[in-house]
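> Just a sequence and a predicted model for now, questions to come.
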Amino acid sequence: MNIIIALAYLLSSILFILGLKNLGSPKTARRGNQLAMTAMLIAIIVTLTKNEILDFTLIIIGLIIGSAIGAIIARKVQMTAVPQMVALFNGLGGGASALVALAEYNRFSGDLRIDVIISMVVSLFIGTVTFTGSLVAFGKLQGLIRSAPVVFKAQRFLNILLFTLFLIMGIIVIINPANSTGLLIILAIALILGILFVMPIGGADMPVVISTLNSCSGLAAAATGFVLSNNILIICGALVGASGFILTRIMCKAMNRSLVNIIFGPVGTVSVNNNNNDKRKVINYTEEDASIMLEAAKKVIIVPGYGLAVAQAQFALQELVTMLINKGIHVRYAIHPVAGRMPGHMNVLLAEANVSYDLLFDLNGINGEFKNTDVALIVGANDVINPSARTNKESPLYGMPILNADQAKTVVICKRSLSPGFSGVDNELFYQENTLMIFGDAKESINKMIQLLKT
């Protein structure tokens, strides 16, 4: 029996790894999810069998309730709210790890091995920080909390003081595991630190925050695995933690910033002065002007952004793309790594509209093509196409790799207004001579272009 259990855990581990590998590409992401779900199902069944759990009543009740909630969320949550949902799920994962650590502490009687009590402390701390930090991220993304950085004097000092206090209390609990008060103090410290960790981070950095919290939830799960002596939980948590860390590095590179700089020197403030708005004017072009440009073009690159998700214009946009392709026009999508409000947001959005993966290109794969492009159609993107990131050293975007949309012969921007993006920085591209600004709802504008191209 032990051999069968070991082999089942091995199979589950292999499926987790294959699932993660498949998640690396939009083409295979669905298969990756299916493999990971199968791996989790095997792991749950084997764990229940291994521990000889005979009464499945509470487990079945929990399964039914959880599945029902998940099904409702999957159907009801709009694509614009997916980042909030991911943040919330990260928090629930971290909270679950913290609760398991507390439950195991209360269950144990007698002396605890030093490796077990260390794992409990780590799991409790990281899991709780992830929980409250994710709730704050959810609040910022949902608009329940101010999205701009919230800072106050001596904030860093307070963070350092609290973390030092955690280390001291952690050592005390490890030396004397019977000190349950110390464990509760660690819980309280972690609850506060999670809030203080995310509050000073602005909306522009939310993709990095989400991937960081995702990594933390994995680390908390791995630590819980050591508490439970469960190898599959250790492996699964380590995979999530490592992949989240790698994704965080990718996000930081895409923004040309370090994680330390994001945490201690946030952008996302809306206090940037845009004095040029009163002096420079833009011409309000029409959908007819844009349709003429598109129909005459040979090469078109489309840059989607968060505004596309807000307008729910992905289906209309794909209809426009199909129409252009049928007219013999070469069309591609340019996806910036931090477009939207979470990693991969644009890929998920476009997949919902059944956009062919062959049309999707990342920044490095398409940036050199803009100079040979007739029309760059921008739908809801802002910071990721702002030329000031290259030239304005005073801009918080300076040094951030951007899509070279300004190098196209004509730039068509569908946007509600001249308002800045999450960084709060005015976009120089709006005022270029080759830019056509079309103000209004992106979905309505694109539908008008479709009708004009049909005539």
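Good, I have the coordinates. Residues are numbered from 1 along each chain as shown.
> for the chain, which helix is longest?
Of all the segments of type helix in the chain, defined by DSSP state H, the longest one is helix 114-142.
> counting contacts, what elements does that helix pack onto?
For helix 114-142, the packing partners by 3 or more Cβ pairs under 8 Å, 6 or more residues apart in numbering; DSSP states H and E come out as helix 82-107, helix 155-175, helix 180-198, helix 206-228. Every C-beta, even on glycine, is put in place using the N, C-alpha and C of the backbone.
> Could you identify which of these is most buried?
Mean neighbours per residue, mean count of other Cβ atoms under 10 Å, is largest over those for helix 206-228, with a mean of 26.
> before we move on, back to that, now the helices and strands packed on helix 114-142 as a markdown table including mean pLDDT and distance to L403?
Converted to a markdown table, these look like this (pLDDT from 0 to 100; distance: least, Cβ to Cβ, whole Å):
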| stretch | mean pLDDT | distance to L403 |
| --- | --- | --- |
| helix 82-107 | 88 | 20 |
| helix 155-175 | 90 | 34 |
| helix 180-198 | 92 | 28 |
| helix 206-228 | 88 | 15 |
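> quick one: D374 and K298 touch, right?
Yes: using Cβ atoms under 8 Å, D374 makes contact with K298 at a distance of 5.7 Å.
> Now do the same contact list for the residue nearest to Q142 when sequence neighbours are not counted.
Closest residue in space to Q142, ignoring its immediate chain neighbours: Q84 at 5.0 Å, by Cβ to Cβ, 6 or more residues apart in numbering. Q84 is in contact with 138, 141-142, counting by Cβ atoms under 8 Å, 6 or more residues apart in numbering.
> where are the low-confidence patches of the stretch 1-150 of the chain?
For the stretch 1-150 of the chain, the stretches with pLDDT under 70 are 1, 51-55, 79, 109-110.
> switch to 90 and redo it
Applying pLDDT under 90 to the stretch 1-150 of the chain flags the ranges 1-10, 13, 19-30, 33, 37, 40-64, 66-67, 69-90, 103-116, 137-150.
> May I have the phi/psi pair for F439?
Backbone torsions for F439, taken as degrees, to the nearest 10, come to phi -90, psi 140.
> ok, how many other residues are close to it?
As a burial measure, F439 scores 15 neighbours (other Cβ atoms under 10 Å).
> Let the chain start at 40 from now.
Renumbered: residue one is now 40, and that last one reads F478.
> what's the neighbour count on the nearest residue to it once chain neighbours are set aside?
Excluding the flanking residues, the one nearest F478 by Cβ to Cβ, 6+ apart is N323, at 5.8 Å. Neighbour count of N323, defined by other Cβ under 10 Å: 11.
> I'd assumed T474 was in contact with N323.
No: using Cβ under 8 Å, N323 makes no contact with T474, being 11.8 Å away.
> shaky segments in the stretch 290-439 of the chain?
Applying pLDDT under 90 to the stretch 290-439 of the chain flags residues 290-324, 344-353, 375-397, 401-404, 419-423, 425, 427-439.
> all strands of it, in order?
Under the criterion DSSP state E, counting those that start in this stretch, the stretch 290-439 of the chain contains strands at 338-343, 369-374, 399-401, 414-418.
> so which of those gets nearest I331?
Nearest of these to I331, taken as Cβ to Cβ: strand 414-418 at 10.3 Å.
> Okay, angle between that closest one and strand 369-374 too, please.
With axes from the mean of the first three to the mean of the last three Cα atoms, to 10 degrees applied, the angle from strand 414-418 to strand 369-374 works out at 40 degrees.
> Now do the contacts for the closest residue to A350 other than its chain neighbours.
Once flanking residues are discounted, A350 sits nearest to A481: 3.9 Å by Cβ to Cβ, 6+ apart. Contacts for A481 (Cβ under 8 Å, 6+ apart) come out as 346-347, 349-350, 352, 356, 418-419, 453-455.
> State the pair within those that is farthest apart.
L356 and R455 (15.9 Å).
> Show me just the buried residues among the contacts of Q123.
177, 180 (16 or more other Cβ atoms under 10 Å).
> Output the helices and strands packed on helix 153-181 as CSV; include the columns distance to A392.
Shown next, in CSV, are these (distance: least, Cβ to Cβ, whole Å):
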stretch, distance to A392
helix 121-146, 14
helix 194-214, 42
helix 219-237, 31
helix 245-267, 21
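> how about the helices of the stretch 390-494 of the chain, start to end?
Under the criterion DSSP state H, counting those that start in this stretch, the stretch 390-494 of the chain contains helices at 402-405, 427-430, 481-493.
> Deepest-packed of these, please.
Sort the helices of the stretch 390-494 of the chain by mean neighbour count, taking mean count of other Cβ under 10 Å, and helix 481-493 sits at the top with a mean of 19.
> Relative to the whole chain's centre, how far out is it?
Mean C-alpha position of helix 481-493 versus that of the full chain (Cα atoms, centre = their mean, to the nearest Å) differs by 30 Å.
> how far off strand 414-418 does that helix point, in degrees?
Using the same axes, to 10 degrees: helix 481-493 against strand 414-418 is 140 degrees.
> tell me the angle of helix 481-493 relative to strand 338-343?
Angle, helix 481-493 to strand 338-343, by the same axes, to 10 degrees: 160 degrees.
> I'd like the average pLDDT over helix 481-493.
Averaged across helix 481-493, pLDDT comes to 92.
> ok so, going back, neighbour count: L356 and R455, which is higher?
The residue with more neighbours, out of L356 and R455, is L356; 28 against 14, by other Cβ under 10 Å.
> ok, and the closest non-adjacent residue to the more buried one?
Nearest non-adjacent residue to L356 (Cβ to Cβ, 6+ apart): I485, at 5.6 Å.
> need the contact list for that neighbour.
By Cβ under 8 Å, 6+ apart, I485 lies in contact with 352, 355-356, 358-359, 418, 453.
> Mind doing that once more with 10 Å?
By Cβ atoms under 10 Å, 6 or more residues apart in numbering, I485 lies in contact with 326, 329, 347, 350, 352-360, 416, 418, 453, 477.
> and those, which are buried?
With burial judged by 16+ other Cβ under 10 Å, the buried subset of these is 326, 329, 347, 350, 352-353, 355-357, 359-360, 416, 418, 453, 477.
> Against K115, how distant is the residue most central in space within the chain?
Nearest to the geometric centre of the chain sits M381, at 2.7 Å (Cα atoms, centre = their mean). Taking Cβ to Cβ, to the nearest Å as the measure, M381 falls 18 Å from K115.
> cool, and L141?
In this view, L141 and K115 are 32 Å apart by Cβ to Cβ.
> got it, and M290?
M290 is 28 Å from K115, where distance means Cβ to Cβ.
> out of those two, which sits in the busier spot?
M290 (24 against 8).
> How about the more buried one: what's its closest non-neighbour residue?
Excluding its sequence neighbours, the residue lying closest to M290 (Cβ to Cβ, 6+ apart) is V247, at 4.5 Å.
> ok, the one you found touching V237?
No: look at V247 against V237 with Cβ atoms under 10 Å: they stay out of range, at 11.0 Å.
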